[in-house]
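Asker: here is my input, please return the structure:
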Amino acid sequence: MSYQTSQKQAVLHWVMQSKHHPTADDVYKGVKGDLPKISFATVYRNLDSLAKEGKIKEVQFVDKKKRYEALLHPHQHFICSKCERIIDMELTKLLNVEEIGKKLQCHQVQSFNLELIGLCAACRTT
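Answerer: Down below sits the predicted model:
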């Protein structure tokens, strides 16, 4: 049974407002400002629960840290090798992996992950 506590609501709200694919520690530090008595374990448990409910998504990149995002539709990520910023990219339709799988007579593609790594525009100019 899924239920909504004020702590769980605060965790969800913080992840949905985040623009940078936060780790559990990032979320804990952010939520602690509004709920000073919240524990890291509570934040982590709520992140796990929200991901299982499909309200947020757990992602892992080359740094192998669990991160969370509220953008649930299929999309890809660009990771800056200098500042480590993670930028959402909309390449799914352009890549058309499902159609490529059919043409190559592969199994049905249900999901795929693509990470582009390089220098973001801000780091290229510095």
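
Asker: residues in contact with the closest residue in space to Glu90 that isn't next to it in sequence?
Answerer: Spatially, and ignoring its direct neighbours in sequence, Glu90 is nearest to His75 (5.6 Å; Cβ to Cβ, 6 or more residues apart in numbering). C-beta here means a position set from N, CA and C on the backbone, and glycine is covered the same way. For His75, the contact set (Cβ atoms under 8 Å, 6 or more residues apart in numbering) comprises 88-92.

Asker: same list (those residues) but as JSON lines, adding neighbour count and pLDDT.
Answerer: Output for these, formatted as JSON lines (neighbours: other Cβ atoms under 10 Å; pLDDT from 0 to 100):
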{"residue": "Asp88", "neighbour count": "12", "pLDDT": "92"}
{"residue": "Met89", "neighbour count": "14", "pLDDT": "91"}
{"residue": "Glu90", "neighbour count": "11", "pLDDT": "87"}
{"residue": "Leu91", "neighbour count": "15", "pLDDT": "85"}
{"residue": "Thr92", "neighbour count": "15", "pLDDT": "74"}
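
Asker: next one: the residue nearest to the spatial centre of the chain from Arg85, what distance?
Answerer: The residue lying closest to the centre of the chain (Cα atoms, centre = their mean) is Glu69, at 3.2 Å. Using Cβ to Cβ, to the nearest Å, Glu69 is found at 14 Å from Arg85.

Asker: re the thing from before, ok, the residue nearest to the centre of the chain touching Ile56?
Answerer: Yes - the pair Glu69 / Ile56 is scored as a contact, 6.6 Å apart, by Cβ atoms under 8 Å.

Asker: which neighbours do the two share?
Answerer: Common neighbours of Glu69 and Ile56 (Cβ under 8 Å, 6+ apart) are Val15.

Asker: follow-up on the earlier one: quick one: contacts for the residue nearest to the centre of the chain?
Answerer: Counted by Cβ under 8 Å, 6+ apart, Glu69 has contacts 15, 18, 21, 56-57, 59, 88.
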